[in-house]
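>>> Return a 3D structure for these sequence lines:
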Amino acid sequence: MSNAIATKVATDMQAASFIREMFEKGRRLKAEHGAENVFDFSLGNPNATPPEAYFKALAEVAADRQPALHRYMPNAGFDETRQAVAGFLSREYRTTFDAASVIMTNGAAGALNVVMRAICNPGDEVITLAPYFPEYRFYIEQAGAKMVLLQADDEFQPDIEAIRAALTDRTRAIIVNTPNNPSGTVYTDASCRALADVLCTRDSAEQPIYLVCDDPYRRIIYDLDWCPTPLTHYARTIIVSSYSKDVSIAGERAGYIAVQPDVPDRALLLNALTMLNRTLGFVNAAALMQRVIARCADALCDVDFYRGNRDLMCNALLEFGYELNVPQGALYAFPKTPLPDDGAFVDVLMKHRVLAVPGSGFGRPGYMRLAFCVDRATIERALPALRAAIEEVRGG
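Numbering: from 1, shown residues only. The predicted structure is shown next:
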């Protein structure tokens, strides 16, 4: 191995190679058959049109020519933006946040990195539930901690007894993601309460355990009026999220951390998070986008667009014979693969010019992720290929 880069980085690059490999295979397929003839469901890139409130706010901000508005701001973000986000969070989570609760970050990814560095000592353990967003491991390890991976149950709900058994004196946090990427599962209120109860048995001032809610899909829900949350049942909860999915502006990197008023040692935690937001190099969310969000903090894209895509894809998958828990939220279907080897079935799909991501990449072998945040016509054109692939492996 070359000494040109850090050894751990080189190892991590190899571990993440399935994503690069899928990208390269897709690029070759598109070059051979034409992009319109390749059905790419590999990337979770939000494609709903942002709401009109966002464009109105953007136009207003762009028209304001005061040069001072583009200078540095406090590291936690503009006061008016934090106040607007706090108001939105209070309504969304049905609890109370104030402006001091909110730190504006460079997306939810920046927020998670800041949180992990703020709470983890070297050797600490952070529990993650599979299937999970694979970047979690990098964020955790970059903070010097160790990821402890547990499987969710057959319905992709938290396995409470497995979590109870995994709690140790080194447990520092658990990351939960509901609606979940990649399964689309929404945790039930009963699951949220049970999770809070089991953490309360081990949490203490001497050995605090944080519940980190990674919530960027929270408002992308299809069969519920409101997404349950463990925040209302457990005091030591930190929210990390962004406007990437629910406003459909992923490229603008408008994220935030929210620490509710009941979190023990809240002032100390907020000071640490604010310092790390700066010293990790994120500094904070861009001034322009903060001023936009201050004007449209409650804005929401057209979730019906994604609901229609979900229904089209999932109804067809079930009709074709795929085993699937229909997602209640997020942007993905996560069916079982009809071959035990998920990678082998993804290769079969590629023969039919369909790009999917093996469940192994999310810590859950035997499944695959299909992102339905695509043009509806892409799903429609792909359905014969999805049918042909399952018929091929089942001999029909």
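
>>> Could you use CA atoms for every contact and neighbour count after this?
OK.

>>> low pLDDT regions in the stretch 1-150 of the chain?
1-2, 14-20 (pLDDT under 70).

>>> again, only this time at 50
Counting by pLDDT under 50, not a single residue of the stretch 1-150 of the chain qualifies.

>>> Residues in contact with stretch 163-170: which ones?
With contact meaning Cα atoms under 8 Å, 6 or more residues apart in numbering, stretch 163-170 is reached by 123-125, 148, 150, 198-199, 202, 207.

>>> Swap in 10 Å and give it another go.
By Cα atoms under 10 Å, 6 or more residues apart in numbering, the residues outside stretch 163-170 that reach it are 120-129, 145-146, 148-152, 160, 173-174, 195, 197-199, 201-203, 207-209.

>>> Export that stretch to PDB, keeping only CA atoms.
Output of stretch 163-170 as PDB, limited to C-alpha atoms (Å, rounded to 0.1, in the frame of the first residue of the first chain):
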ATOM      1  CA  ILE A 163     -29.800  -2.800  22.300                       C
ATOM      2  CA  ARG A 164     -30.100  -3.600  26.000                       C
ATOM      3  CA  ALA A 165     -27.500  -6.300  25.700                       C
ATOM      4  CA  ALA A 166     -25.100  -4.000  23.800                       C
ATOM      5  CA  LEU A 167     -25.100  -1.200  26.300                       C
ATOM      6  CA  THR A 168     -21.700  -1.100  28.100                       C
ATOM      7  CA  ASP A 169     -19.700   1.300  30.200                       C
ATOM      8  CA  ARG A 170     -18.200   2.600  27.000                       C
END
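
>>> from what I can see Leu224 touches Pro327, true?
No - between Leu224 and Pro327 there is no contact under Cα atoms under 10 Å: 11.4 Å.

>>> which residues do those two both contact?
Common contacts of Leu224 and Pro327 (Cα under 10 Å, 6+ apart): Val186.

>>> Which of those two has more residues huddled nearby?
Pro327 (25 against 12; other Cα atoms under 10 Å).

>>> wait, what's in contact with that one?
179-180, 182-186, 221-223, 307, 310-311, 314, 333-335.

>>> So which of those residues sit within helices?
Mapping those onto helices (DSSP state H) picks out 307, 310-311, 314.

>>> Narrow the residues you listed to just the buried residues.
307, 310, 314 (16 or more other Cα atoms under 10 Å).

>>> all helices for the stretch 251-396 of the chain, in order.
266-279, 287-295, 303-320, 342-351, 376-393 (DSSP state H, counting those that start in this stretch).
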